[in-house]
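In: Show me how the following folds:
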Amino acid sequence: MTDFPRLPPSGVKVIIVGAGFAGLTVAIECDRKGHSVLLLDKSPELSPLGDIISFGQNSSRFFKKWPGVWEQLDLIIHKSEEVHFFDWKGKYVTTQSFAEEHKAWGPRINGHRGQIHQILLRHAKARGIDVRLGHNVVDYFETDEAASVRTDDNQTFTADVVLAAEGVRSKGRKLVLGFEDKPQPSGYAVFRAWYPSDTLLKNPVTKHLVDSGDSHNAWIGPDVHFLAAAIGDGKEMSWVCTHKDDGDIEESWQFPGNHEDVTRILEGWDPIVTELVKATPPDRLYDYKLVFRDPLPTFTSPKARTVLIGDAAHPFLPTSIQGASQAMEDGVVMAVCLEKAAGPAGGDDKKRNVQDAVRVWQAIRYKRVHEIQKTGVQTREQWHKADWDAIWADPKSLHLAREAWILDFDAEDDAYKSYDRILGEIRSGSGATPAAGAGSDSRA
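Out: Just a heads-up that it's a prediction; the model follows:
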């Protein structure tokens, strides 16, 4: 356990529910800051499943602070520094390069969700973090002095603060909001796939996508877009297809995909796209319904002992390319706020200070998160409602917006710099409400 740099014990006890990217990040960062961490997840085993996931420079910087993690990631991540755009018939439109932003802001990460998740899970365990799988949290409750969770086998766990990181159906949402809400369909869904590229290499229509290493291509059509990334030096293929969908999400929003449904949506599209779909093994195709949530009035409970982080607080559309990054920022900022609140050697007023930390965290995170959420809708509309006469006049209008206020941003450094000011505003009563966007304006 002594191999990992960490601050002296802070005296702050943290329970985290959910071992996704939000949960693992806040667990690792809290451990770095000297807090005591218990991480619970309902799954008895965290399998390396999934497809491609992206981390912008604003979050990839965190991986470098965790000994050994970056070196492992570098072996598996997508190496292409550009994406080629085509219309749905296959006509080339434009190429967007990310090389300059990589030089200026550092590398971004695209890779297999399951593989990256396993690297972080192994790192958390290697640090000695108490990770307990098979613990299904069914209830959250709190007092002025502490927060607790109860599992379905009637075990109760108590800490200074509880962080709910188990996604859009978190049971913690009821405690925070005061009522039980349900996710609503967004009107869109995503077919997703990841599989070995052997078949593609043998097909003359798709061979060029994988025979020269990693590649990244996008096809844009009426209310549909299709992204394909060859990864692992071209040895694996991941593709996603976002489309209109009126499916119900009452019980679940991820299902096994159906080739016929994808083919129907992509009728008349570039043969390269249809061949990618045909080559997909049936057990590697998923139909994922995109959920919608109105912006929450708060991410924190009335007593400031329970906090929603990641998708539990703010689910992102895939077109934002920031869902995982913002979940990680949540965790990094929370660890800093708890450190600042605890003070030297844990401080003498830890219980009240933990509540201060939660309130400052909310002020720092609320406005930035919601501003970035909007970019997902903007990009989807940019592609799905494209004016092709305008695009042919200005092909670069298809390019993804790459904004410095989002990507060239260090959430840890910003939290250290803004904590004392925001705490002073909150205590004096001059701080803005969450909806008004208290905290630092990262676009300044």
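
In: And the closest residue to Ala411 other than its chain neighbours, how far from Gly257?
Out: With CB to CB, 6 or more residues apart in numbering as the criterion, Ala411 has its nearest non-adjacent residue at 4.2 Å, and that residue is Glu329. All C-beta atoms are positioned from the backbone trio N, CA, C, and that covers glycine. Distance, Glu329 to Gly257, using CB to CB, to the nearest Å: 31 Å.

In: Please say which of those two ends up with more neighbours.
Out: Counted by other CB atoms under 10 Å, Glu329 and Gly257 do not tie: Glu329 has more neighbours, with 31 against 23.

In: helix or strand right after the strand or helix carrying that one?
Out: Per DSSP states H and E, Glu329 falls inside helix 323-342. Note on helix 323-342: by DSSP H and E, the next helix or strand toward the C-terminus is helix 350-384.

In: What mean pLDDT does that next one get?
Out: Averaged across helix 350-384, the pLDDT comes to 88.

In: what's the offset of that helix from the middle of its chain?
Out: How far helix 350-384 lies from its chain's middle: 12 Å, per CA atoms, centre = their mean, to the nearest Å.

In: packing partners for that helix?
Out: Packing partners of helix 350-384 (3 or more CB pairs under 8 Å, 6 or more residues apart in numbering; DSSP states H and E): strand 161-164, strand 224-231, strand 306-308, helix 323-342, helix 411-428.

In: Go through these and pick out the most buried.
Out: Compared across the helices and strands packed on helix 350-384, strand 161-164 shows the largest average neighbour count, a mean of 30 (mean count of other CB atoms under 10 Å).

In: which residues does the closest residue in space to Pro282 that isn't next to it in sequence contact?
Out: Excluding its sequence neighbours, the residue lying closest to Pro282 (CB to CB, 6+ apart) is His259, at 7.1 Å. When contacts are counted by CB atoms under 8 Å, 6 or more residues apart in numbering, His259 touches Val277, Lys278, Thr280, Pro282, Leu285.

In: again, only using 10 Å
Out: Phe191, Val277, Lys278, Thr280, Pro282, Leu285 (CB atoms under 10 Å, 6 or more residues apart in numbering).

In: Verify the contact between the last one and Val240 for me.
Out: No - applying CB atoms under 10 Å as the test, Leu285 and Val240 come out as separate, 11.0 Å apart.

In: any shared contact partners between the two?
Out: Joint contacts of Leu285 and Val240 (CB under 10 Å, 6+ apart) are Asp51, Phe191, Arg192, Ala193, Trp194.

In: Including neighbour count and distance to Ala401, could those go into JSON lines?
Out: Output for those, formatted as JSON lines (neighbours: other CB atoms under 10 Å; distance: CB to CB, whole Å):
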{"residue": "Asp51", "neighbour count": "22", "distance to Ala401": "23"}
{"residue": "Phe191", "neighbour count": "24", "distance to Ala401": "24"}
{"residue": "Arg192", "neighbour count": "23", "distance to Ala401": "23"}
{"residue": "Ala193", "neighbour count": "22", "distance to Ala401": "26"}
{"residue": "Trp194", "neighbour count": "23", "distance to Ala401": "26"}
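
In: Can you get me the centre-to-centre distance for the helix holding Glu329 and its chain?
Out: 13 Å.

In: Stretch 197-214 now?
Out: In terms of CA atoms, centre = their mean, the centre of stretch 197-214 is set 30 Å apart from its chain centre.

In: hmm, who's touching it?
Out: With contact meaning CB under 10 Å, 6+ apart, stretch 197-214 is reached by 77-81, 110, 196, 215-217, 228-239, 270-276, 278-281.

In: mind listing what's buried in that stretch?
Out: Ser197, Thr199, Leu200, Leu201, Asn203, Val205, Thr206, Leu209, Val210, Asp214 (16 or more other CB atoms under 10 Å).

In: Relative to Cys30, how far out is the last one?
Out: Applying CB to CB, one obtains 34 Å for the distance of Asp214 from Cys30.

In: Check the third one too.
Out: Taking CB to CB as the measure, Leu200 and Cys30 are separated by 43 Å.

In: which stretches of the stretch 1-150 of the chain form helices?
Out: Along the stretch 1-150 of the chain, counting by DSSP state H, counting those that start in this stretch, helices occupy 21-32, 57-63, 69-74, 99-105, 113-126.

In: Dump the second one to PDB, keeping only the CA atoms.
Out: Taking Å, rounded to 0.1, in the frame of the first residue of the first chain, the C-alpha atoms of helix 57-63 are listed here in PDB:
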ATOM      1  CA  GLN A  57      -7.900  16.000 -22.400                       C
ATOM      2  CA  ASN A  58      -9.700  17.500 -19.400                       C
ATOM      3  CA  SER A  59     -10.000  13.900 -17.900                       C
ATOM      4  CA  SER A  60      -7.100  12.000 -19.600                       C
ATOM      5  CA  ARG A  61      -4.800  14.100 -17.500                       C
ATOM      6  CA  PHE A  62      -6.000  12.300 -14.400                       C
ATOM      7  CA  PHE A  63      -4.800   8.900 -15.600                       C
END
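
In: mean confidence score for that helix?
Out: The pLDDT scores in helix 57-63 average 96.

In: Quick one: low-confidence residue ranges for the stretch 301-444 of the chain.
Out: Filtered on pLDDT under 70, the stretch 301-444 of the chain yields the residue ranges 345-352, 431-444.

In: make it 50
Out: The model of the stretch 301-444 of the chain has pLDDT under 50 over residues 346, 433, 435-444.

In: need the contact list for the most centrally placed residue in the chain.
Out: The C-alpha lying nearest the average C-alpha coordinate of the chain belongs to Ala324 (CA atoms, centre = their mean; 1.4 Å). Residues in contact with Ala324 (CB under 10 Å, 6+ apart) are 20-22, 25, 53-56, 59, 109, 113, 116-117, 310-311, 316.

In: go with 6 Å
Out: By CB atoms under 6 Å, 6 or more residues apart in numbering, the residues touching Ala324 are Phe21, Ile53, Phe55.

In: now whichever strand in the chain runs longest, how far from the centre of its chain.
Out: Under DSSP state E, the strand in the chain containing the largest number of residues is strand 184-196. Centroid separation for strand 184-196 versus its chain: 15 Å, with CA atoms, centre = their mean.

In: Stretch 397-417 too?
Out: With CA atoms, centre = their mean, you get 15 Å for stretch 397-417.
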